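Peer 1: sequence plus predicted model, see below.
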Amino acid sequence: MQTMQSTSKTEPVDWACEAGKDAPLLVALSASCNVYFTSYFSTWRIMSEATASPAPLMEEALRHFLQKMRRLPDTVVIYRGGVSDSQQEVILEHEMHHPTEGILAAFDRLAEVEGQEPWRSKVSVAYIMVRRSMNIRFMTEEGDNLPSGSYIDEDVIPGLDADNPVRSDFYMISQTYVRGTARPTLYTVLYNTLNFSKMETMQLTYRLCGVYMTFAGKVSTPAPLKYVAKLLSLLSKCNYVPREPTGQLRLWRPNLFFV
């Protein structure tokens with residue numbers, strides 16, 4: 001399955017978490033549920049720092065996708081709100097590869113419970129870290145901002161490892177700046193079994209920056225990441241947040257009620 005064809009069922013996903021000092025972590029996820037990226041499923045959990053993982057939320061989103069589409073997605077692209085370079089490998093091991101709490105383990109459980117073992121052997125996954133707090137800036141030789149859609153994937157990319165062919169990094173400027181200097185977004189692909197090229201991954205990322213429903217132009221990060229940031233912002237302002245959506249709140253999950 002590839003990115004934007006009407007016959008495909010791609011599920012770009014984003015998750016992020018926020019926590020105050022000595023407070024439990026608020027973990028949220030927003031996942032697209034159709035090929036046009038206009039239908040989303042959003043959920044959250046309150047977890048301790050030791051157990052914080054997007055795996056339960058991923059299972060919940062995939063079950064909703066199965067119920068809605070009558071099948072599971074062939075491709076799952078995960079955009080993870082960025083952490084520092086020093087934390088990336090630890091986060092990757094815990095969130096993707098943990099034998100019981102990781103996302104890959106969640107896929108295994110879902111396939112077993114739902115009788116979808118053939119799907120598990122075919123699904124392709126990418127786990128992409130997204131960082132906006134970058135000091136680097138890029139300009140043309142004339143000193144102008146780079147146009148929307150510009151990307152840089154060599155020479156100045158941090159953390160490239162010749163011994164790790166899976167990892168790849170690229171900067172992208174998706175939005176158009178009228179004032180000031182464009183601030184790029186750094187995307188780090190830490191896990192990748194996709195059956196399409198790096199260029200197609202960048203094209204998917206760029207197109208997702210153009211389908212954020214509250215803005216007519218391009219935004220700085222993919223739409224699922226913007227939605228989950230909105231959800232976290234709303235939940236963090238509430239006097240009381242249940243540990244997970246319950247009761248009537250469960251009916252809100254397929255709607256972008258927080259936008």
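Peer 2: Yep, it's here. Residues are numbered from 1 along each chain as shown.
Peer 1: near residue 151, how many other residues are there?
Peer 2: The number of residues packed around residue 151, counting by other C-beta atoms under 10 Å, is 19. No exception for glycine: its C-beta is placed from N, CA and C like everyone else's.
Peer 1: residue 168 too?
Peer 2: Counted with other C-beta under 10 Å, residue 168 comes out at 20.
Peer 1: what do you get for residue 147?
Peer 2: Here the number of neighbours of residue 147 (other C-beta under 10 Å) works out to 11.
Peer 1: next one: the one 10 residues further on
Peer 2: Other residues within reach of residue 157, judged by other C-beta under 10 Å, total 14.
Peer 1: contacts only, for it.
Peer 2: Contact analysis of residue 157 by C-beta atoms under 8 Å, 6 or more residues apart in numbering lists 169, 170, 171.
Peer 1: just curious, which of those residues is nearest to residue 148?
Peer 2: The shortest distance between residue 148 and any of the contacts of residue 157, using C-beta to C-beta, involves residue 171 and amounts to 13.4 Å.
Peer 1: any idea how far the one helix or strand that closest one maps to is from the chain center?
Peer 2: Under the assignment given by DSSP states H and E, the secondary-structure element containing residue 171 is strand 168-173. In terms of C-alpha atoms, centre = their mean, to the nearest Å, the centre of strand 168-173 is found 15 Å from the chain centre.
Peer 1: now it: buried residues?
Peer 2: 168, 169, 170, 171, 172, 173 (16 or more other C-beta atoms under 10 Å).
Peer 1: tell me the angle of the helix or strand following it relative to strand 168-173?
Peer 2: Stepping forward along the backbone from strand 168-173, the first helix or strand reached (DSSP H and E) is strand 185-192. Taking axes from the mean of the first three to the mean of the last three C-alpha atoms, to 10 degrees, strand 185-192 and strand 168-173 form an angle of 150 degrees between their directions.
Peer 1: strand 185-192 - which strands sit beside it in the sheet, and in what orientation?
Peer 2: On the basis of DSSP bridges, the sheet neighbours of strand 185-192 come out as strand 124-131 (antiparallel), strand 168-173 (antiparallel).
Peer 1: export these as TSV, with columns for distance to residue 191.
Peer 2: As requested, these are exported to TSV (distance: least, C-beta to C-beta, whole Å):
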stretch	distance to residue 191
strand 124-131	4
strand 168-173	11
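Peer 1: select, out of those, the one closest to residue 24.
Peer 2: Smallest distance to residue 24 across these (C-beta to C-beta): 23.0 Å, for strand 124-131.
Peer 1: circling back: export the buried residues of strand 168-173 to JSON lines and append columns for pLDDT and distance to residue 204.
Peer 2: Output for the buried residues of strand 168-173, formatted as JSON lines (pLDDT from 0 to 100; distance: C-beta to C-beta, whole Å):
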{"residue": "168", "pLDDT": "86", "distance to residue 204": "14"}
{"residue": "169", "pLDDT": "90", "distance to residue 204": "16"}
{"residue": "170", "pLDDT": "93", "distance to residue 204": "12"}
{"residue": "171", "pLDDT": "94", "distance to residue 204": "16"}
{"residue": "172", "pLDDT": "95", "distance to residue 204": "11"}
{"residue": "173", "pLDDT": "94", "distance to residue 204": "16"}
